[in-house]
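Q: Sequence and predicted model, in that order:
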Amino acid sequence: MRFNPKARLDTSRVGDGGGGGGGGGGMRIPMPGGTRAGGGIGAVIIVILFLVLQQCAGGGLPSPGGGTDTTSSGTDASRMDDSERYANCKTGADANTDEDCARVGVENSLVAYWEKTLPEQSDVAFEPATMRTFSGAVGTGCGEASSDVGPFYCPPDKRIYLDTTFFRDVLEGQLGGQGGDFVEPYVIGHEYGHHIQNLMGTMGQVRTQQGADSDAVRLELQADCYAGMWTKYAEDSEFITLDDTDVPEALDSAKAVGDDRIQQKSGQGVDPEGWTHGSAEQRMAWFTTGYEQGTLEACDTFAADQL
């Protein structure tokens, strides 16, 4: 993956920093045992469903400190303290030599894609998500989150949270993914897919929490499909140039975080009744659907007879 060296980067929606204790909620990438330190994946979906129902009812979630200080977009302004991690990210040339700046470039590309695609293919207005990297732990509108939870999207904040050590320590280490420079873009694209679902109200369709045909799995597979849609756009854009290894790297990452693969890595037998994100085969298939067909309609997993 390479960026147009002359392109300008917009860092206004990307920040870094955080502190606090463990826990947390939101739309996460699953990991063996649920987190790096252990725990159940099933509990994650309970938290997700709680967040969804709160939003559908028009309610907000209190900050960990007991109060909220929100902007007009619903973002908790008390969590906006930022490091200077992205201060030197100015151009695509910076993105080609610095992985932090590459992250900004991916975010910029996702915004460019969805601000055009969402209103064209639906009656929903686009509002960009924000993105925050952190180390150790971070306070969010979904509660306090530690690095153990992996990348996640928090609906009340409309923000993606990333501890970037996940890609090396978990996805490549514990889960056996092959790695590569398009692994992180795939994951960010998936989490941005959850933001699109949040804007479209799709999260309100989640009723069943576990199982191979559950609403929770349909939600996650749709986010994979949306990541595929953006990948095709990125491949054809003037901002990003993909090489022959990038799409295979995305598919390998989707395979690595399949529920059946995670159950196997955890030493469990494969039990579809416990799935919350979909099998490796399903995740690769829906990413491919988005990549090849490129429409919200094609990614409607909730209307699909078979996943």
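A: Received the coordinates, thanks. Numbers count the residues shown, from 1 in each chain.

Q: mind listing the strands for the stretch 151-300 of the chain?
A: Listed from the start of the chain, the stretch 151-300 of the chain has strands (DSSP state E, counting those that start in this stretch) covering 152-154, 159-162, 240-241.

Q: Turn those into JSON lines, including mean neighbour count.
A: (C-beta placed from N, C-alpha, C; glycine too.) Written out in JSON lines, the entries for the strands of the stretch 151-300 of the chain read as follows (neighbours: other Cβ atoms under 10 Å):
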{"stretch": "strand 152-154", "mean neighbour count": "26"}
{"stretch": "strand 159-162", "mean neighbour count": "26"}
{"stretch": "strand 240-241", "mean neighbour count": "19"}
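
Q: Excluding covalently adjacent residues, which one is nearest to S135?
A: Distances taken as Cβ to Cβ, 6 or more residues apart in numbering put D163 closest to S135, at 6.2 Å, once the chain neighbours are dropped.

Q: ugh, typo on my part, it should be W114
A: Beyond its immediate neighbours in the sequence, the residue positioned closest to W114 (Cβ to Cβ, 6+ apart) is F126, lying 5.7 Å away.

Q: Burial check on the closest residue to T241 other than its chain neighbours, number of neighbours?
A: When the adjacent residues along the chain are set aside, T241 lies closest to R2, with 4.6 Å between them (Cβ to Cβ, 6+ apart). For R2, the tally of surrounding residues (other Cβ atoms under 10 Å) stands at 16.

Q: quick one: contacts for R2?
A: The contact partners of R2, taken as Cβ atoms under 8 Å, 6 or more residues apart in numbering, are N96, I240, T241, D243.

Q: Which of the strands of the stretch 151-300 of the chain sits closest to L307?
A: strand 152-154 (21.0 Å; Cβ to Cβ).

Q: got the phi/psi numbers for the closest residue in space to T295 that isn't next to it in sequence?
A: The shortest distance from T295 to any residue other than its chain neighbours is 6.2 Å, reached at Q121 (Cβ to Cβ, 6+ apart). With angles defined as degrees, to the nearest 10, Q121 sits at phi -100, psi 0.

Q: rewinding a little: count of neighbours near the residue nearest to S135?
A: D163 is surrounded by 24 other residues when neighbours are defined as other Cβ under 10 Å.

Q: quick one: the helices in the stretch 1-150 of the chain?
A: Remark: helices of the stretch 1-150 of the chain, listed N- to C-terminal, are 41-56, 92-95, 99-121; assignment by DSSP state H, counting those that start in this stretch.

Q: Now do the longest one: distance to the chain's middle.
A: Offset of helix 99-121 from its chain centre (Cα atoms, centre = their mean, to the nearest Å): 13 Å.

Q: elements contacting that helix?
A: Other helices and strands packing on helix 99-121, by 3 or more Cβ pairs under 8 Å, 6 or more residues apart in numbering; DSSP states H and E, are strand 14-16, helix 92-95, strand 130-133, helix 183-200, helix 215-236.

Q: let's see 6 Å
A: Applying 3 or more Cβ pairs under 6 Å, 6 or more residues apart in numbering; DSSP states H and E, one finds that helix 99-121 makes contact with helix 92-95, helix 183-200, helix 215-236.

Q: can you tell me how far K90 sits from C101?
A: K90 sits 8 Å away from C101 when distances are taken as Cβ to Cβ, to the nearest Å.

Q: Neighbour count: these two, which is higher?
A: The neighbour comparison of K90 against C101 (other Cβ under 10 Å) goes to C101, with 24 against 15.

Q: Just confirm the more buried one contacts D94, I think it does.
A: Yes. Under the contact definition of Cβ atoms under 6 Å, C101 touches D94, with a separation of 4.1 Å.

Q: for the chain, which residue is closest to the average position?
A: Residue closest to the mean C-alpha point of the chain, counted by Cα atoms, centre = their mean, is E191 at 1.5 Å.

Q: where does the stretch 101-250 of the chain have low pLDDT?
A: Regions of the stretch 101-250 of the chain meeting the criterion pLDDT under 70 cover residues 169-179.

Q: Can you report phi and psi for C142?
A: Backbone dihedrals for C142, given as degrees, to the nearest 10, come out at phi -100, psi 10.

Q: Do I have it right that the residue nearest to S135 meets D148?
A: No. At 8.8 Å, D163 does not count as touching D148 under the criterion of Cβ under 6 Å.
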